[in-house]
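Q: sequence first, predicted coordinates after that:
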Amino acid sequence: MVRQPIPVIIVAGFLGAGKTSLLNHLLRNPQGARIGVVVNDFGKINIDALSVAGQVDSTVSLGNGCLCCAVDASGLDDLLARLARPGSDIDVIVIESSGLADPRGMVRLLLNSTNPRLGYGGLVEVVDAAEFDATRRRHPEIDQHLRFADLVLLNKIDRVAESDQRRLAELVGGLAGGKPVLPTSHGRVDPALLFDRGAVRERQDVARQLSFDELLAEPDDCHEHLHTGYQSVEFAADDPVHPRALMRFLDDRPDGVYRMKGQVHFGAPGQGQKFTLHTVGDFLRFQRSRWGRGEQRRTQLVVIGSGLDQDRVRRDLAACVGEPDPADEHSMLDVLKYTRT
Ligand SMILES: Nc1nc2c(ncn2[C@@H]2O[C@H](COP(=O)(O)OP(=O)(O)OP(=O)(O)O)[C@@H](O)[C@H]2O)c(=O)[nH]1
């Protein structure tokens, strides 16, 4: 029997929109589908890969650089071929693109793929409902990212007033040419909407239509992509970080910082857990969990922003390393205010 090509679905969306949350949701609720994953992060430390690792066997990661122009079609093909190799039993591959990648470049790469075992499975755009207006003001070109979406998740709906939800859904739906817009929280969507064979086939048919000829013919200048205006700083420390010092850094983030993510090892007594940190714009959240067995307790952070003074960010974070005074019982208080377990 001839095997149908494995659909490759691209999950795109601006920094911090909720792509990894969606991916984790899909991996936890696969509904029988065996999912292969490619994660592409902007920073050198691939935090997204760390976040999804352990949940799937078939993850390949491609850190440091946006997939939209960092690799050519053959480079991506090699990555995908590893997942789609005969006998791998994968039903669907999901590529989580970096938050600064141009989805059009990614779609183009897939349409140019020569691997007969793979087929384009559609573009899912995740939109941060709370940040969308501000992001558009800074980057009007983001509108174009929605043009080829097959499905838009209007995510973080819990952070937006009801009246704004309607306005945003209409706005985003218009930019996506009338494609379905689903309000979501933490990327919780019915996986069938992404993986259902009928839906995938429909998206593949649409991809063959005129609009995609247009996409393939469109000039693509990498120098105009969003990632060219952004920098990232990676920070790692084996020694514990002082909670009060890190909170001071977070309260007064250096100019240009938009996104921070990673894990923090605090030295405060009784706080031997792993704290996963996320900032997106003004949003700040820690999540507390146990360190894995054999996992090294260390801080690893990526800071992403535009116009960053990278040396200063590095210096300021290095200055946060240190252990609180054992007499300071409340050193973790401010961290815990922003922590969810
Ligand atoms: N309140 C709220 N927070 C969310 C929602 N979805 C994601 N988040 C939080 O937003 C932060 C960023 O989410 P991620 O899923 O890592 O975003 P991302 O798009 O993968 O980020 P990048 O890969 O860095 O671009 C995390 O702290 C998430 O827990 C949501 O629907 N509501």
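A: Perfect, I can see it now.

Q: and after the top strand by length along the chain, which helix or strand comes next?
A: Among the elements of type strand in the chain, defined by DSSP state E, the one spanning the most residues is strand 118-128. Using DSSP states H and E, the helix or strand that follows strand 118-128 towards the C-terminus is helix 132-138.

Q: and that following helix, what's its mean pLDDT?
A: When pLDDT is averaged over helix 132-138, the result is 95.

Q: in it, what counts as buried?
A: Residues of helix 132-138 classed as buried by neighbour count (16 or more other CB atoms under 10 Å): 132, 135. For glycine as for every other residue, the C-beta is placed from the backbone atoms N, C-alpha and C.

Q: which other helices and strands does that helix contact?
A: The criterion is 3 or more CB pairs under 8 Å, 6 or more residues apart in numbering; DSSP states H and E, and the helices and strands that helix 132-138 contacts are helix 142-145, helix 162-175.

Q: restricting to C-alpha, output the helix or strand that the shortest one is followed by in CSV.
A: Taking DSSP H and E as the definition, the helix or strand that follows helix 142-145 towards the C-terminus is strand 151-155. What follows is the C-alpha trace of strand 151-155 in CSV, where atoms were taken according to Å, rounded to 0.1, in the frame of the first residue of the first chain:
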residue,chain,number,x,y,z
LEU,A,151,-6.1,28.5,11.1
VAL,A,152,-5.5,31.3,13.6
LEU,A,153,-5.5,30.8,17.3
LEU,A,154,-6.4,34.0,19.1
ASN,A,155,-4.5,33.0,22.2
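
Q: helix 162-175 and strand 151-155, what's the angle between them?
A: Strand 151-155 and helix 162-175 meet at an angle of 160 degrees, taking axes from the mean of the first three to the mean of the last three CA atoms, to 10 degrees as the criterion.

Q: is the ligand contacted by strand 151-155?
A: Yes. Using CB under 6 Å from any ligand atom, strand 151-155 reaches the ligand at N155.

Q: what sits up against that strand?
A: Applying CB atoms under 8 Å, 6 or more residues apart in numbering, the set of residues contacting strand 151-155 from outside is 13, 17-18, 21-22, 122-129, 146, 165, 168-169, 172-173, 176, 179-187, 189, 193-194.

Q: again, only this time at 6 Å
A: With CB atoms under 6 Å, 6 or more residues apart in numbering as the test, strand 151-155 has contacts from 18, 124-127, 129, 169, 172, 176, 180-184, 187.
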